[in-house]
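Student: Below are the sequence and a predicted model for it; my questions follow.
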Amino acid sequence: VSAEERAAVAPGSDLRRNLLSNAAAQAWVSLLGVLFVPVFLRLMGAEGYGLVGFATSLQAMVAILDLGLSTTANREFSRRTGDATWAGRAGVMLRSLEYLYAAGGLSIALVGAIAAGWLGREFVRADALEPASVRDCLVLTALAVGLRWPVGLYAGVLRGLERQVPLNLTIIATATLRYAAAAAGLHNTAGQPRAYFVALALAGAAEIVVCRQLAWRVLPAEVRRTARFDADVLRTLWGFAGRLTVISLFAVILKNMDRVVIARWASLEALGHYTVAATLSGALLMVVTPVFGAVFPRFSALHA
């Protein structure tokens, strides 16, 4: 592929730079996850960390409600990066998806908060933690997930337009904020798990503000002013998004049901030890995820 053809496909993009920034962000987040395991275990104990593992599995399972739209946005924006006439429609698509994601985030937060008490009673076997504390942590988890729900959309847009360096800088900054704030909160509250989940919600709020700003700034000012909701735009996306949803459903079940089952039949302390192992094994994604993130939008653009 010539330099001119590459420029037409993704103006100003650099596959090598995107790959390196993806790898740096993935490595940093994975490193933080590994380094903070002993910190969190010491501050909140195995039972508290087990609650973190249970909440993490719930978040991953809720991700199926994305319905493949974030990857679809990645594909749609990457397929048209060289088409200057598509800029106006891009604003309409982003605004329409934004409304859909905002409604989804609000619904997740409300339903999760209402169901928190039932989940705590039926799926969490805590010995040292009070039921009220477990419920509060799950309510905060629902709030955190709801707050940052549109992040997937904005990340998909930025990846599709191959603006992955600023996206990865945001991921690095917010992950650092989340872990540091959680450790500081746990230290100041004598290991109360609520502090961890408060930090999760605050970091999610910061991440959504920055990612939204980055995604809209990529589009021209006139496009931002004229962007509007259009249900017809959403209808054009359901075919590809629906196929992704089926794939994602099986992936979520296979990768996350283990901790939910363990929480149901084993102690929260046992789940805490299991979560440590799962966190360490997750570092293997450092090899795959950065390559996929850089190559998928480039192949989509070249195919188009």
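Tutor: Received the coordinates, thanks.
Student: shaky segments in the stretch 201-304 of the chain?
Tutor: Low-confidence segments of the stretch 201-304 of the chain (pLDDT under 70): 283.
Student: Now with 50, please.
Tutor: Along the stretch 201-304 of the chain, no part satisfies pLDDT under 50.
Student: Equivalent analysis for the stretch 1-150 of the chain, please.
Tutor: 1-10, 12.
Student: So which elements touch the helix or strand residue 31 falls within?
Tutor: Assigned by DSSP states H and E, residue 31 belongs to helix 15-62. In this structure, helix 15-62 packs against helix 87-123, helix 131-147, helix 164-188, helix 193-217, helix 238-265, helix 268-281, helix 285-303, with contacts taken as 3 or more Cβ pairs under 8 Å, 6 or more residues apart in numbering; DSSP states H and E. C-beta coordinates here come from the backbone N, C-alpha and C atoms, glycine included.
Student: can you give me how far it is from the chain middle?
Tutor: Here helix 15-62 is found 12 Å from its chain centre; the criterion is Cα atoms, centre = their mean, to the nearest Å.
Student: now it against helix 285-303, angle please.
Tutor: 110 degrees (axes from the mean of the first three to the mean of the last three Cα atoms, to 10 degrees).
Student: What is the neighbour count of residue 292?
Tutor: Neighbour count of residue 292, defined by other Cβ atoms under 10 Å: 12.
Student: So residue 243 versus residue 223, what's the distance?
Tutor: Distance, residue 243 to residue 223, using Cβ to Cβ, to the nearest Å: 29 Å.
Student: For the residue lying closest to residue 54 once chain neighbours are set aside, give me its contacts.
Tutor: Take residue 54 and drop its neighbours on the chain: the residue closest to it by Cβ to Cβ, 6 or more residues apart in numbering is residue 263, 4.8 Å away. Counting by Cβ atoms under 8 Å, 6 or more residues apart in numbering, residue 263 touches 50, 53-54, 57, 123-125, 271.
Student: quick revisit: out of the helices and strands packed on helix 15-62, which is closest to residue 45?
Tutor: Each of the helices and strands packed on helix 15-62 was scored for nearness to residue 45 using Cβ to Cβ, and the closest is helix 268-281 (7.5 Å).
Student: Residue 121 contacts residue 132, doesn't it?
Tutor: No: the criterion here is Cβ atoms under 8 Å, and residue 121 misses it with residue 132 at 11.4 Å.
Student: which stretch among the helices and strands packed on helix 15-62 comes nearest residue 154?
Tutor: Minimum separation from residue 154 across those (Cβ to Cβ) falls at helix 193-217, 3.9 Å.
Student: report the angle between the axes of that closest one and helix 87-123?
Tutor: Between the axes of helix 193-217 and helix 87-123, defined by the same axes, to 10 degrees, the angle is 170 degrees.
Student: Convert the C-alpha atoms of the helix or strand following helix 193-217 to PDB, please.
Tutor: Remark: after helix 193-217, the chain's next helix or strand is helix 221-226, criterion DSSP H and E. Provided in PDB are the C-alpha atoms of helix 221-226 (Å, rounded to 0.1, in the frame of the first residue of the first chain):
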ATOM      1  CA  ALA A 221     -16.900  22.500  14.800                       C
ATOM      2  CA  GLU A 222     -19.800  22.800  12.300                       C
ATOM      3  CA  VAL A 223     -20.500  19.100  12.600                       C
ATOM      4  CA  ARG A 224     -20.600  19.400  16.400                       C
ATOM      5  CA  ARG A 225     -23.100  22.300  16.200                       C
ATOM      6  CA  THR A 226     -25.500  20.500  13.800                       C
END
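Student: quick thing: my sequence starts at 41, can you match it?
Tutor: OK, 41 is where the count begins now, so the last one is helix 261-266.
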